[in-house]
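> Sharing a sequence plus its predicted fold:
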Amino acid sequence: MIRFFGIVATFGVVLAACSSQEQVTKEIDRTEENRYTKVILSYDLNEPTEFVILPDKRIIVVERKGDIKLYDPEKTGLEIIAHIDVYTEQEDGLMGIALDPNFQYNKWLYLYYSPEGPEEKQNLSRFTFKAGKIDLGSEIVMLEVKTQRQECCHTGGSIQFGPDGLMYLSTGDDTNPFGSDGFSPADEGRGRSPWDAQKSSGNTNDLRGKILRIKPEADGSYSIPEGNLFPVGTSNARPEIYVMGNRNPYRISIDQKRNWLFWGEVGPDAPNDKDNRGPRGHDEINVAKEAGFYGWPYFVGNNKAYIEYDFASGRSFEAFDPKFPINNSPNNTGLDTLPPAQPALIWYPYAESEEFPMLGKGGRNAMAGPVYYSDLVERELGSFPPEFNGKLFIYDWIRGWIFTVTLTDDGSLVGLEPFMPKTQFNYMIDMEMGPEGALYILEYGTGWFTKNNDAAIVRIDYNGGNRKPTLKANASTVAGSAPLEVKFDTEGTFDYDNDNLTYLWEINNNRLSEPNVSYTFERPGIYYPKITVMDVAGNKISQQFKVAVGNAKPDVKVELTGNSTFYWPGDKLDYTVVVKDEEDGIVGNGINEEDVSFKIEYISEGLDLTQAAQTTGHQVVSKGLSLISESDCQSCHKLNEKSIGPSYTDVALRYKSTEANIEMLSNKVINGGAGNWGEQAMAAHPSLPKEDAEEMIKYILSVADQKEIETFELVDQYQFNGSPMTKEGVYVFNASYEDKGANGMAAIEDVDRVILRNPYLQAEDFDDQRNTKIYDMRGNQKHIYNVYHDSYVKFSDVDLTDIKSLTFLFLINETRRASGTMELRLDGVNGKLAGSVSFEQSTPVMKLDETGKHDLYFVYQYPDDPKQELYSLDWIYFSKQKEPGRLNY
């Protein structure tokens with residue numbers, strides 16, 4: 001698809017053929033992602049909504065709560081250049097900004113906002129930009145959109161200009177979606193107008209739920225251009241309407257050559273189709289080449305029809321007809337007969353889309369970005385290449401992806417291509433092409449209705465020539481006592497263009513030209529070794545280290561008497577925390593015991609053991625919290641304070657951690673829901689595995705019970721709880737010490753931890769495997785199956801000290817072979833044979849006589865028939881008894 005500067009990269013990309021709605025796979029070319037760089041221009045934003053780029057590359061950002069900020073690339077930070085007093089309940093506030101097409105001469109700009117005061121409306125106003133400020137006294141209110149503020153939601157608020165100087169303004173349906181179960185909000189009951197989008201989106205005589213098109217005049221008024229949906233003078237119809245039938249067209253865009261209108265439509269929340277209501281919710285990307293009706297609240301996606309429904313009686317009628325839509329709502333003040341409904345260009349639900357699977361799964365919030373043309377920008381370093389000409393950029397606020405869309409000359413869809421799929425974007429809320437042809441993005445940040453630290457203005461630069469080397473340099477240590485030998489290496493350094501590289505180490509006034517060097521620092525002090533790598537084109541990249549010589553890092557160890565992998569309920573464990581420091585001494589001789597932090601914590605929901613092993617700080621993260629941090633949960637929830645959804649603490653205080661509540665809440669995470677914490681709906685997550693949802697809920701329900709962790713003696717005996725523990729639960733022994741510093745060097749901390757897991761080792765928790773599958777039975781009783789001769793599961797670094805026997809739980813099935821054996825091999829699939837058991841009974845016991853830590857390979861053996869499926873494995877119990885007795889499983 002893209003070829004330039006002699007560089008070609010080929011990727012397989014799924015294209016969508018709209019006419020047949022079938023998936024088509026085709027090889028297309030595009031440039032490598034490493035040619036694009038995400039550059040952070042500024043942080044310090046508080047709910048940014050839309051932005052504009054001035055001809056001199058200064059940027060004006062509007063924030064929902066009324067601040068207007070200016071970014072100047074010649075200055076540091078953002079400057080507040082105006083504040084609009086706005087109504088900020090629900091989703092209202094300062095929502096949109098656009099520059100006049102002749103801004104360079106007249107300095108006019110336009111804002112769309114919710115004015116404070118008793119009048120329920122949105123204003124579209126013109127202001128003048130003077131001397132780097134917005135003159136609030138210059139305001140001319142061009143257009144008012146009447147609203148209702150008692151019941152939320154959906155504001156729209158995006159402003160754009162076309163190449164002909166016409167202004168487009170998007171408005172939301174101003175309808176409460178929470179009384180319709182995520183389907184069509186068309187409640188015609190008495191007093192239910194706020195729940196009826198037929199009053200707005202389906203109403204030809206109302207400006208809400210529309211994209212308006214007007215021509216601003218010099219005196220601050222506007223006129224109606226030709227080609228709108230309803231000509232001037234049409235009875236019961238507003239002539240400003242260009243597109244109607246919108247739910248929340250939050251971000252719009254105009255093709256500056258073809259003069260086509262694009263927008264992202266934020267759709268309803270129903271996770272599944274329902275026979276008596278209609279289709280599940282979909283978000284949409286739409287294109288309008290001429291005025292039209294785009295379906296809401298009667299149709300969604302590619303004209304999937306809702307069913308007329310009586311909310312009072314619960315009775316369903318016929319599905320709406322996209323060719324002849326009729327609005328007979330008592331809340332309608334416009335025409336009864338509406339234009340034929342137009343289908344979306346792209347549509348996708350919470351689950352994986354059948355038509356557009358490349359768009360992923362989960363929460364959704366569709367947005368339309370710019371269409372690029374290289375001959376409409378002042379090309380310079382960082383400009384996007386001409387191969388993007390005519391391509392539409394689309395993006396999703398929740399899912400974090402960007403795609404480019406290729407269309408035919410008549411607007412039909414050719415294909416979608418991911419753009420920078422490996423780059424993290426923090427909830428993109430606006431996107432524009434700069435005057436120089438670089439892509440600018442406004443990131444709202446992680447949480448709803450709050451100031452986010454990751455909210456930012458960013459720019460995407462393109463490099464079409466020789467690329468800088470990629471430098472990865474390492475130091476064996478960066479602190480220690482003198483003399484200190486440090487080994488430096490550049491392992492992992494490479495060049496995308498396969499250039500020969502030269503290396504220069506600058507260390508303490510020495511210049512060394514090898515990729516890997518060793519240097520001894522003889523005297524205490526702070527040193528700044530630097531490595532510079534250069535390619536044949538002269539492109540350089542450098543990395544600097546800080547090496548502190550004069551203070552050795554302390555050595556902290558948690559030493560256990562006995563097994564260091566498992567705990568057994570009711571058992572006692574002797575432990576010692578050993579702390580040594582070259583300058584400070586040892587505990588009792590230079591180091592006070594109270595200066596050593598030591599804690600023992602039981603985490604019932606378990607840990608991500610891989611992540612915990614890589615964590616060097618004080619805190620380890622539970623499985624549930626780890627999953628939450630990787631999801632979109634943080635955009636709607638916080639630990640201790642309400643966001644768009646309830647806090648985790650409030651949820652934990654309402655629901656006890658019972659199996660029934662975990663089941664109910666995990667299902668709600670997957671299927672979505674509304675009504676328990678106000679009317680705001682919770683998005684569905686249909687692709688989330690049930691066990692992951694349960695882990696997340698277990699963590700959430702545990703936060704109300706979190707207490708101050710007890711501090712223990714450094715040498716003592718610990719007794720584990722004797723009551724039954726969860727199979728996921730772990731004990732964490734965590735010790736740390738920060739030394740006193742020495743020879744003018746700062747203090748250094750060392751941390752050590754031991755994590756003890758339940759002796760029931762779940763088979764599906766393997767670290768590696770061969771020829772096995774995981775079977776999930778009722779969502780929470782997993783095991784491995786589909787196993788044959790030479791299949792195995794591996795568990796890494798397991799301590800066999802004091803382990804006398806292993807008990808296996810095989811799942812007996814008459815269609816699988818009962819004979820054969822399970823072998824335990826140490827440190828390799830062909831390693832030492834430590835024991836074996838046959839499948840003749842479901843819980844055989846393997847005697848052991850081993851000690852120390854090993855990688856354990858549990859290998860299936862049935863050489864007589866390698867194609868015969870063998871018994872599934874549920875768990876392995878590690879016992880300190882040769883005869884473990886009856887197990888409670």
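Yep, that arrived.
> Tell me, what's the model's pLDDT at residue 507?
Residue 507 is assigned 97 on the pLDDT scale.
> Touching, it and residue 520? I think so.
No - assessed by CB atoms under 8 Å, residue 507 is found out of contact with residue 520, at 10.1 Å. Placement of C-beta: from N, CA and C, glycine included.
> between these two, which one's more packed in?
Taking neighbours as other CB atoms under 10 Å, residue 507 and residue 520 compare with residue 507 leading, 19 against 11.
> any idea how far the more buried one is from residue 514?
Separation of residue 507 from residue 514 (CB to CB, to the nearest Å): 12 Å.
> swap in residue 449?
Distance of residue 449 to residue 514, given as CB to CB: 55 Å.
> and residue 245, how many residues sit next to it?
27.
> same deal with the one 4 residues further on?
Burial of residue 249 is recorded as 34 neighbouring residues (other CB under 10 Å).
> In a strand, it, correct?
No - looking at residue 249 with DSSP: H, G, I helix; E, B strand; the rest coil, it is coil, so not inside a strand.
> Model confidence score at it, please.
Looking at residue 249, its pLDDT stands at 98.
> can you tell me which residues contact it?
156, 158, 170, 171, 172, 211, 243, 263, 264, 265, 266, 286 (CB atoms under 8 Å, 6 or more residues apart in numbering).
> Can I get the residues you listed in JSON lines including distance to residue 766?
What follows is these, written out as JSON lines (distance: CB to CB, whole Å):
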{"residue": "156", "distance to residue 766": "50"}
{"residue": "158", "distance to residue 766": "50"}
{"residue": "170", "distance to residue 766": "51"}
{"residue": "171", "distance to residue 766": "54"}
{"residue": "172", "distance to residue 766": "50"}
{"residue": "211", "distance to residue 766": "54"}
{"residue": "243", "distance to residue 766": "54"}
{"residue": "263", "distance to residue 766": "48"}
{"residue": "264", "distance to residue 766": "42"}
{"residue": "265", "distance to residue 766": "44"}
{"residue": "266", "distance to residue 766": "42"}
{"residue": "286", "distance to residue 766": "47"}
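> Closest one of these to residue 361?
Of all the contacts of residue 249, residue 266 has the smallest distance to residue 361: 16.8 Å, by CB to CB.
> separation between the closest one and residue 789?
Taking CB to CB, one finds residue 266 at 54 Å from residue 789.
> more neighbours, these two?
residue 266 (23 against 19).
> The nearest residue to that one once chain neighbours are set aside: what's it in contact with?
The shortest distance from residue 266 to any non-neighbouring residue, by CB to CB, 6 or more residues apart in numbering, is to residue 248 (4.1 Å). Contact analysis of residue 248 by CB under 8 Å, 6+ apart lists 153, 154, 155, 156, 172, 173, 265, 266.
> So which of the residues you listed sits lowest on pLDDT?
Among the contacts of residue 248, residue 153 has the weakest pLDDT, 88.
> Okay, buried residues for whichever helix or strand residue 599 is part of please.
Counting by DSSP states H and E, the element that carries residue 599 is strand 596-603. Going by neighbour count (16 or more other CB atoms under 10 Å), the buried part of strand 596-603 is 596, 597, 598, 599, 600, 603.
> same deal with stretch 520-532?
521, 524, 527, 529, 531, 532.
> out of those, who's nearest residue 483?
So of those, ranked by how close each gets to residue 483 (CB to CB), first place is residue 521, at 6.5 Å.
> in the sheet, who's paired with the closest one?
Beta-bridge partners for residue 521, by DSSP bridges, are residue 484.
> what does residue 252 give?
residue 263.
> And the next helix or strand past the helix or strand hosting residue 486?
Using DSSP H and E, residue 486 sits in strand 484-489. Per DSSP H and E, the first helix or strand lying C-terminal to strand 484-489 is strand 502-507.
> contacts for that following strand?
488, 490, 511-515, 517, 519, 527, 529-534.
> try 7 Å this time
By CB atoms under 7 Å, 6 or more residues apart in numbering, the residues outside strand 502-507 that reach it are 488, 490, 511-515, 517, 519, 529-534.
> Closest to residue 333 out of those?
residue 533 (69.2 Å).
> how much does the host helix or strand of that closest one deviate in direction from strand 484-489?
Here residue 533, judged by DSSP H and E, is contained in strand 530-534. Our comparison of strand 530-534 with strand 484-489, counting by axes from the mean of the first three to the mean of the last three CA atoms, to 10 degrees, yields an angle of 20 degrees.
> which other helices and strands contact strand 530-534?
Helices and strands touching strand 530-534, as assessed by 3 or more CB pairs under 7 Å, 6 or more residues apart in numbering; DSSP states H and E, comprise strand 502-507, strand 540-544.
> and it, what's its mean pLDDT?
97.
> before we move on, what about stretch 40-57?
Average pLDDT, stretch 40-57: 95.
> can you pull the buried residues of that stretch?
Residues of stretch 40-57 classed as buried: 42, 45, 46, 47, 48, 49, 50, 51, 52, 53, 54, 57 (neighbour count, 16+ other CB under 10 Å).
> Filter those down to the ones in strands?
42, 48, 49, 50, 51, 52, 53 (DSSP state E).
> if we take those residues, which one ends up nearest to residue 691?
Using CB to CB, these come closest to residue 691 at residue 48, 37.0 Å.
> Tell me which residues touch that closest one, please.
61, 63, 429, 442, 444, 455.
> If we use 6 Å, what do you get?
By CB atoms under 6 Å, 6 or more residues apart in numbering, the residues touching residue 48 are 61, 63, 442, 455.
> give me phi/psi at the last one?
With angles defined as degrees, to the nearest 10, residue 455 sits at phi -70, psi 140.
> doesn't residue 44 make contact with it?
No - here residue 455 lies out of contact with residue 44, judged by CB atoms under 6 Å, at a distance of 8.1 Å.
> Just the buried positions in the helix or strand where residue 793 lies, please.
Per DSSP H and E: residue 793 is located in strand 792-799. Neighbour counts over strand 792-799 (16+ other CB under 10 Å) mark 792, 793, 794, 795, 798, 799 as buried.
> Just give me the closest of the residues you listed to residue 36.
Checking the buried residues of strand 792-799 one by one against residue 36 (CB to CB), the nearest turns out to be residue 794, at 39.0 Å.
> pLDDT weak spots in the stretch 601-750 of the chain?
Counting by pLDDT under 70, the stretch 601-750 of the chain shows low-confidence ranges at 607-632, 634-636, 638-645, 647-649, 652-654, 673-684, 686-687, 704-710, 723-726.
> Run through the strands of it in chain order.
Under the criterion DSSP state E, counting those that start in this stretch, the stretch 601-750 of the chain contains strands at 673-675, 678-682, 715-719, 730-738, 749-757.
> so which of these gets nearest residue 577?
strand 730-738 (4.6 Å).
> related to what we said a few turns ago, going by neighbour count, which of the contacts of strand 502-507 are buried?
488, 490, 512, 515, 517, 519, 529, 531, 532, 533, 534.
> Distance of the closest residue in space to the second one that isn't next to it in sequence relative to residue 476?
Closest residue to residue 490 in three dimensions, ignoring its sequence neighbours and counting by CB to CB, 6+ apart: residue 515, at 4.7 Å. Going from residue 515 to residue 476 by CB to CB gives 15 Å.
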